[in-house]
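*Asks:* The following comprises the amino acid sequence and a computationally predicted model.
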Amino acid sequence: MRKIYYLFDLVDLFSNENIFENKMNYPKDGDKNWNKTTEEFESNGMTIKKETWVSLDGTSTYVKTYTENKKSIDVKELESALKIAVEKEEYEKAAELRDQIKKLKK
């Protein structure tokens, strides 16, 4: 099997764009020709995700690794819980969630 290596200009490396997202064509989720596995790791308040696609015949593999800020995930979850609490008119719970969101955003 032959491997292809891509060289990027230094300008691309220092630009604001995520060069790997723009240049790599990963298989789509649910594609029947690929098996996808996902691994998650926690490190220093960050969630590291590794997605691996392996072709059914085993000749090709794509690996994508990226990080997510754990705080932003928690804030999104708390904001959705806050919305539900307000809809259910659980105002004490909503106030607690609001305070937790404020702490995380600081």
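*Replies:* Right, received. Where do you want to start?
*Asks:* So residue 33 is in contact with residue 27, correct?
*Replies:* Yes - under the contact definition of C-beta atoms under 8 Å, residue 33 touches residue 27, with a separation of 7.3 Å. Placement of C-beta: from N, CA and C, glycine included.
*Asks:* neighbour count winner among these two?
*Replies:* Taking neighbours as other C-beta atoms under 10 Å, residue 33 and residue 27 compare with residue 27 leading, 16 against 11.
*Asks:* Next, give phi and psi for residue 63.
*Replies:* phi -130, psi 130 (degrees, to the nearest 10).
*Asks:* Could you look up the SS state of the nearest residue to it once chain neighbours are set aside?
*Replies:* Sequence neighbours aside, residue 52 is the residue nearest to residue 63 in space, at 5.1 Å (criterion: C-beta to C-beta, 6 or more residues apart in numbering). For residue 52, the assignment made with DSSP: H, G, I helix; E, B strand; the rest coil gives strand.
*Asks:* Could you measure from residue 52 over to residue 33?
*Replies:* The spacing between residue 52 and residue 33, counted by C-beta to C-beta, to the nearest Å, is 15 Å.
*Asks:* Spatially central residue for this structure, please.
*Replies:* By C-alpha atoms, centre = their mean, the chain has its centre lying nearest to residue 68, at 5.3 Å.
*Asks:* Next, count neighbours for the closest residue to that one other than its chain neighbours.
*Replies:* Among residues not flanking residue 68 along the chain, residue 47 sits closest, at 4.6 Å (C-beta to C-beta, 6+ apart). Residue 47: 15 surrounding residues under other C-beta under 10 Å.
*Asks:* ditto for residue 37
*Replies:* Residues near residue 37, counting by other C-beta under 10 Å: 9.
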